[in-house]
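[1] following is a predicted model, sequence given first.
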Amino acid sequence: MLESIVSYGLAIGAVYALIGITYNVMFSASRVFSFTAGMLGMLGGVLGALFIGKLGLPAIVGFVLVLACGAVIGVVTEIVAVRPVLKSIEQHLYVLSTLAFALLVQQLTAIEWGTEAQPFPRLIPIGSGWLDQQFWLPLLACAATIVGLEFLYRRTLVGRAFLAIAEDSYAARALGLPEQRLRLASFALAGVIGALAGFTGGEMLLAFFGNQSILSFYGFVPVALGGMGSNRGAVIGGLALGLFQQAANFLVGGIFAAVAVFVVFIAVLLLRPEGLAGATLSRRV
Amino acid sequence: MPIKRRQVLSGSAAGALSLAGGLASPAIAAPEPIKIGYLPALTGPSSSTGIGINRGTELAVNEINAAGGVNGRKIELIVRDTQSDPTKAVNGAAELTKRQKVNIVWGPLNSGESLAAVPLVARDGIPQLHPCWVDSLTDVKKYPMCFRDAPTNQQIGAAANRYVVDILKRKKVAVVSDTTGYGTASVEAYAPMLKEKGATVVYQANIDAANPDLKPDMLRMREAGAEAIMPWSVNAGFLARICNTRGKMEWDVPIVGQTTLGSGQTKALLEKPEYWNKVYSNNFRNVCFAKDGKLLPRAAEFVEKLRKVKIDMGDTLLWWIALGYDGVHMMADAVKAVGSSPEQITGYWNKLKDWPGVYGDITFTPQQHNGFQDDEVVMCEVNSLRDGAFNLAPGYAS
Amino acid sequence: MTDLTQAAMLATMPRSSWRARLGKLAPFLALGLAGLAFPLLGDSYWGVIVTRACVYWVLVAGLNMVVGFAGQIAIGWVGLLTLGAYTTSAMTAGTAMPAVSPYLALVASAAIGGVFGLIVGMPALRLRTFYFAMATLGFSTIVTQVALAWKSVTGGGIGVPGPVFGWPFVGDWGFYYFCLLLAGLCTWMTANLAASRFGRALVAIRDTEVAAESSGIAKPRLLMIVFLFSGALAGVAGGLFSSLQSYITPDAFTFDLSVLFFIAILIGGRGSVLGPLLGTLLLTALPEIAAPLVAWSTFLYAALLLAIVLLVPGGIADLLDFKNRRPLEQHREIVPRPELLMQLLHGKRGETLSLSGVSLRFGGVQAISNLDLDVRREEVHGLIGPNGSGKTTTLNVISGYYAPQAGEVRLGKVILPPQAPQLRASERIARTFQTPRLIGSASVVENVMIGGTIDGRGSFIESLLTLPRHRRDEAVLRERAMLALLTVGLDQLAEVRADRLQHSELRFMEIARALMLQPACLLLDEPAAGLSAEEIRRLGVLIKAISRTGTSVLLVEHHADLIFDICDRVTVLNLGRVLAAGTPDEIRSHREVVSAYLGA
């Protein structure tokens, strides 16, 4: 029983954490929270099922293609829904433009792919129980992502430029950093991470257009818990959420589990608007 | 599947002939068509039922029109897709009854939409036939012109309960559903019925269908000593997960429940084909393969017909197609026998006795507008699916 | 002088004349009449659709105040519709308590909707936009879940029948008129609100929260009232919805419905009442007309939303705004009339502003250290220094955006509370900003009226119902704003959208807004930046004249000429410390200042 809660909780938590990181990567580059994070996760599953399940491509080719599609969609998001509204960021038009873009893609998926959940292929046919791919694959992806991001941010020049932009985009621009290109690259990176989340969680969540709204919400909770922009916060928040949700499912049942998660979310937000990890207010005047 | 909402169907292949005939002789005034207002959910989240029923509906309309219509009157099917959304069903019902002034309303095909549409159609005094299961959808006092050519939830649940308790002889039962309206209502209704039959409901829950992990629930069912699982949901993902989890737990327990357990979508989501063993879903005696592996004559003839006009049965269920086909014929027969005024149609149906449908024999009385017979609701063996039909579940006397 | 005042009065006259008002009213009247006459057509199918549009509008009208005016991204408002629908249905059906009349149940729905509007809105007071959007989204899911679970009252998945409204609104058309009446009432109330200081304040919160705070607009209080109001309307809409649907189940309250409400507002145009009204009509009717597109409807809504946000952020309202497409005169001149100041600022006493020992540190950077500063009444006090020397930071401490770690700020004898910018206006401290903070979509005079918000006396309810006190407020504020515009020389542009103004004109507009407060102390943050030499000269005369009415003026500026021209005293900052202080002459000859700053 406990084993089931823990294994599933961590696996689903890792997917939430990856979506949270997707939010963060986009946010760091642009100060924009984008509704497309959940969409990327949904597409990761649907495209994976399409390439590998329907078109019968080899798993590795399908995997690379899914990530590539994620990157492309990330770039398109930046160009279509983010860049045009950045100059009036105070008016929060990005919430609307990214919501519209995400809805557009979701509806297109619903029409073209169908509104029924469809199977996601089993990629690595070894192991059962604990060793089933659906448990460890998201965790592996999450660990790889966090290590990769740490390496990118701390050890590479490009990564430091990302950080500089996240810290203070005006100053970064003044230093001659190509802010726009870096932002584009960040959105591509976010696209890859989001698609990775959906792909690795695919067997668990199935290829289903409705996953978008679920991932948008549950992927955002770790960001709210961990503090925006903090990837470590997102991972801890995501795993905690996964475990909490599974425990709640188990203890109070389906209907009230969603209520419980929501109540915790709101309570944390009201008590600690900056997240449990905390962050300082930015300059306003 | 065309997504035109208000397509006026005057028949495709054969219908085109009659249309051409009409055009060639404009001097003869064509008799007024019979307007059937049709409210299927052809798109949206619960549209697979609607798509299946739609095939039978279109087939019947084409067939009747090709044969010259009903007493020379063509059937005009006025379609409004409800998109599985009650608000759109209300708009659609308003259009059909108030603007199109249809003679009869066929549908909606999902309970959620019918709950909203039935009172409105009743208010406008138009006869209505629908196949939705929610019990309160027929009420001879509130909706005197509304008839159901399908079983009620009560009958569906009773049949499943009968199979579990009387035939499989299981006394400890887990009754679960997803968190939709249909699911919660079913669990609410069926658990007490099981208790009345002398069984014990050892586990009862509404499970979030978006939750990919059903193992905690299933473990608790097993710990509670469940000898049968009865899931009530139209969500293929949810039902497949129950089958998969049972398989992985290597738990040998029958799953007895909703029709969707046997749908192609559920099948596609199974991790192993054998996880579909010992799964029994609702079905109807007339459209099941009997012990000898054959359909009853009426159904066999119908399947032949479907093959001839090349209607696909592989991705849907035979009884859905049959239901659509029967519905149109029931309406056509009423008009043929007595005429198309609301009172005439209602009067005819009120006296309908053993109307021989492909899907079932229908009997109405002025006090009883639920036309389906209890013993025609049966369970079937889902892994026997071929051409949209199933073997009768083991244990029934045939 | 009296001639000029009369000129100011005359300038306001034609705009508020009944002809202009009729022009604004015409579309509403036309819609209202069309609505009243509609049943004559006898098409009861379209009757249902228009009834639906009216029901949706009751909700959207309220939501418009939240989304279109206050700019809060409430995407899950369908949750409140659900709540209202179940409240009315359950009370009428008597599932929770003895059955009551549907009309009474509708009132109860309004009350419950209001309370929950407040609860759902609460996070908006503390959270960033996106967080709030998520919170409303979560709320709408929860309401449905609770409706499913609370079977004894809501009927769970099976649902409950909706109410049937009795006398006097009997039958389909009776219900139609009931909904039309309520929709008309909501239009009237929200239009009143839009044209009141509350409506302007909401838009100010949306577009320029900082300027709103400095004008004394208390965001939390105002938003709470608006959430209450919007929630109440959503509750009423829910009750009507349940009757229209005849039967409600949780399935009826889809997220698509929420998207429809939300997009209707944005298509209509933020900050408008007519636009969202047209948007609601359009989105309700469109799926009925565009039959073949039915499966694509949400897709098309989303595409429409994206197009609106990217191409026409002003929505339908912007397209209908013909007035602001007329070209403005090319060579405009700002000619302030300082002689009007006495009239504008009559009866207000200036006060001395004093800072003592103020220190502020951001992380490792000492922004201000141990700063003493006195700005006396009737004086212009210059604050200069190189970039990063702490000038603007000092202004921000005074106006309450930053809390200093040490020291205090006083006006006269009153100690100003730190970090409470919205409390400065009531102390009559006004300010302008380095980059002008304005509501681009509002007219110049409306922007200026923001400055006088705290002088309104009428309550929210009085504005909603346009009671006499509200009308008096409006007349007083508008008259004062016109006088302020005349004083700074922008009276000809009063009715022009503020975002059409040139940069220099915006600087003067900000001063006019600040003057609306009849300030005891005025803080100017680089008002001369971007102005021509002649404009700077005129600005100097104006600033000096303001100080001579008794106001203490603190002027942060880079233009040394302006500083030495008009300041009575000057303080020079460097690295957060006072480098020198004294009369302009003393500063001009101060060795360190010359080498560190002026000489450079």
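    Received, thanks. As the structure is a prediction and not an experimental result, all values here were calculated from the model.

[2] ranges for the strands of the stretch 51-200 of chain C?
    C:160-161 (DSSP state E, counting those that start in this stretch).

[3] need the pLDDT of the closest residue to chain B within it.
    The minimum distance from the stretch 51-200 of chain C to chain B, using CB to the nearest CB, falls at C:Gly157 (2.8 Å). (Each C-beta comes from the backbone N, C-alpha and C, glycine too.) Per-residue pLDDT puts C:Gly157 at 77.

[4] so what does it look like in phi/psi?
    phi -70, psi -30 (degrees, to the nearest 10).

[5] same question, A:Ala117
    The phi/psi pair for A:Ala117 (degrees, to the nearest 10) is phi -70, psi 140.

[6] which residues of the stretch 151-285 of chain A lie near chain C?
    Applying CB under 8 Å from any CB of the partner chain, we find that the stretch 151-285 of chain A lies next to chain C at A:213, A:216-217, A:220, A:224, A:255-256, A:258-259, A:262, A:265-266, A:269-270, A:273, A:284-285.

[7] err, the stretch 151-300 of chain B, not the other one
    B:179-186, B:188, B:206.

[8] between these, which has the most around it?
    Highest neighbour count within these, by other CB atoms under 10 Å in any protein chain shown: B:Ser186, with 30 neighbours.

[9] isn't that one right up against B:Trp232?
    Yes: here B:Ser186 reaches B:Trp232: they are 3.7 Å apart, a contact under CB atoms under 8 Å.

[10] quick revisit: could you dump the residues of the stretch 151-300 of chain B next to chain C to TSV with secondary structure?
    TSV is the format used below for those (DSSP: H, G, I helix; E, B strand; the rest coil):
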residue	secondary structure
B:Thr179	coil
B:Thr180	coil
B:Gly181	helix
B:Tyr182	helix
B:Gly183	helix
B:Thr184	helix
B:Ala185	helix
B:Ser186	helix
B:Glu188	helix
B:Asn206	strand
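
[11] and the residues you listed, which is the shakiest by pLDDT?
    B:Gly181 (73).

[12] from chain A, how far out is it?
    12 Å (CB to the nearest CB, to the nearest Å).

[13] list the contacts of the strand or helix carrying B:Phe238.
    Element membership of B:Phe238, judged by DSSP states H and E, is helix B:236-249. Residues outside helix B:236-249 that contact it (CB atoms under 8 Å, 6 or more residues apart in numbering or on different chains) are A:116-117, A:128-129, A:206, A:208, B:176, B:178, B:207, B:209, B:212, B:214-215, B:218-219, B:222, B:229, B:231, B:233, B:253, B:255, B:257-258, B:260-261, B:263, B:265-266, B:268-272, B:274-276, B:279.

[14] which helix in the chain runs the most residues?
    You didn't pick a chain, so chain A it is. helix A:2-30 (DSSP state H).

[15] I was thinking of chain B, sorry if that wasn't clear
    helix B:318-338.

[16] anything in it near chain A?
    No: counting by CB under 8 Å from any CB, chain A has no neighbours in helix B:318-338; the shortest distance is 15.1 Å.

[17] what pLDDT, on average, does that helix get?
    On average, helix B:318-338 scores 93.

[18] quick one: name whatever helix or strand follows that helix.
    Following helix B:318-338 toward the C-terminus (DSSP H and E): helix B:342-350.

[19] so which elements touch that following helix?
    helix B:318-338 (3 or more CB pairs under 8 Å, 6 or more residues apart in numbering or on different chains; DSSP states H and E).

[20] mind exporting the helix it packs on as PDB, just the C-alpha atoms?
    Output of helix B:318-338 as PDB, limited to C-alpha atoms (Å, rounded to 0.1, in the frame of the first residue of the first chain):
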ATOM      1  CA  LEU B 318     -23.600  -3.300 -32.600                       C
ATOM      2  CA  TRP B 319     -26.200  -2.300 -30.100                       C
ATOM      3  CA  TRP B 320     -25.500   1.400 -30.600                       C
ATOM      4  CA  ILE B 321     -26.200   1.000 -34.300                       C
ATOM      5  CA  ALA B 322     -29.200  -1.100 -33.700                       C
ATOM      6  CA  LEU B 323     -30.600   1.400 -31.200                       C
ATOM      7  CA  GLY B 324     -30.300   4.200 -33.700                       C
ATOM      8  CA  TYR B 325     -31.900   2.100 -36.400                       C
ATOM      9  CA  ASP B 326     -34.800   1.000 -34.200                       C
ATOM     10  CA  GLY B 327     -35.500   4.500 -32.900                       C
ATOM     11  CA  VAL B 328     -36.100   5.800 -36.400                       C
ATOM     12  CA  HIS B 329     -38.200   2.800 -37.300                       C
ATOM     13  CA  MET B 330     -40.300   3.200 -34.200                       C
ATOM     14  CA  MET B 331     -41.100   6.800 -35.100                       C
ATOM     15  CA  ALA B 332     -41.800   5.900 -38.800                       C
ATOM     16  CA  ASP B 333     -44.100   3.100 -37.700                       C
ATOM     17  CA  ALA B 334     -46.100   5.400 -35.500                       C
ATOM     18  CA  VAL B 335     -46.600   8.000 -38.300                       C
ATOM     19  CA  LYS B 336     -47.400   5.300 -40.700                       C
ATOM     20  CA  ALA B 337     -50.000   3.800 -38.500                       C
ATOM     21  CA  VAL B 338     -51.800   6.900 -37.100                       C
END
